[in-house]
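K.L.:
Okay, sequence plus prediction incoming.
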Amino acid sequence: MTTRWLTPEEQRAWRAYIAASQLLEDAIDRQLQQEAGMPHLFYSVLANLSESPDRRLRMTDLAETLKITRSRLTYAVTRLERDGLVRREDCRWDRRSSLAVLTDAGMAVLERTAPGHVGTVRASLFDRLTPEQVGQLEEICTGIAKGLQEPAAGGATEDVPWRRRSSPCSGQPPAQP
């Protein structure tokens, strides 16, 4: 198989994307750390729960919405739970699942932090784009995300983050109970 190297135009676009995405994530994380003492991921958990019916979602659905592994979500929810911003409940209709629930304290933190977060997103991204570019950005990102989530030929993919299984470190089998 021959390697399809990036063209000079593709290389410039790739490097521009990497620089922009890292700088944008850094700006958002700094703002959220300063105003709420939390990283962007934790804020995203709170925001997604706030938009859900009864401010609750199954953990697996929340992982899929956030496009992260279940273990990463479990870590984030555990930290938010420790701070009283989220709680977990058993899922009545699926005994294997649990629900993440946004508490009143979590909603208050979100309401206090949201204006600064939106201001950072606007200043860092949208104020730098024309309305036409905003539409193009949505179209480009949607196409990339859709392509990366489509099942591989022949069936369901385990390659999306929320379906990945945690593997033991250093090739060691898990400890037996």
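P.N.:
That came in fine, so what should we check first? Residues are numbered from 1 along each chain as shown.

K.L.:
mind checking the longest helix of this protein?
P.N.:
Taking DSSP state H as the criterion, the chain has its longest helix at helix 8-36.

K.L.:
Can you get me the centre-to-centre distance for that one and its chain?
P.N.:
Distance, stretch centre to chain centre, for helix 8-36: 15 Å (C-alpha atoms, centre = their mean, to the nearest Å).

K.L.:
So which residue is dead centre in the protein?
P.N.:
Centrality entry for the chain: nearest residue to the mean C-alpha point is residue 66, 3.4 Å, by C-alpha atoms, centre = their mean.

K.L.:
For that residue, which residues are in contact?
P.N.:
Residue 66 is in contact with 41, 44-45, 48, 73, 162, counting by C-beta atoms under 8 Å, 6 or more residues apart in numbering. C-beta coordinates here come from the backbone N, C-alpha and C atoms, glycine included.

K.L.:
now, which of the residues you listed lie within strands?
P.N.:
Judged by DSSP state E, strands contain none of the contacts of residue 66.

K.L.:
closest to residue 4 among those?
P.N.:
Among the contacts of residue 66, residue 162 lies closest to residue 4 (C-beta to C-beta), at 29.3 Å.

K.L.:
Residue 113 and residue 58: what is the separation?
P.N.:
25 Å (C-beta to C-beta, to the nearest Å).

K.L.:
More neighbours: which of these two?
P.N.:
Per other C-beta atoms under 10 Å, whichever of residue 113 and residue 58 has more neighbours is residue 113, with 20 against 17.

K.L.:
Tell me how far the more buried one lies from residue 150.
P.N.:
Residue 113 is 34 Å from residue 150, by C-beta to C-beta.

K.L.:
what's the answer for residue 137, then?
P.N.:
21 Å.

K.L.:
what does residue 69 give?
P.N.:
Taken as C-beta to C-beta, the span from residue 69 to residue 150 is 19 Å.

K.L.:
what about residue 49, how many neighbours?
P.N.:
Residues within reach of residue 49, counting by other C-beta under 10 Å, total 26.

K.L.:
per-residue confidence for it?
P.N.:
pLDDT recorded at residue 49 is 98.

K.L.:
shouldn't it be in contact with residue 101?
P.N.:
Yes. Counting by C-beta atoms under 8 Å, residue 49 touches residue 101, with 7.1 Å between them.

K.L.:
Most neighbours among the contacts of residue 66, please name it.
P.N.:
Counting neighbours by other C-beta under 10 Å, residue 45 comes out on top of the contacts of residue 66 with 28 neighbours.
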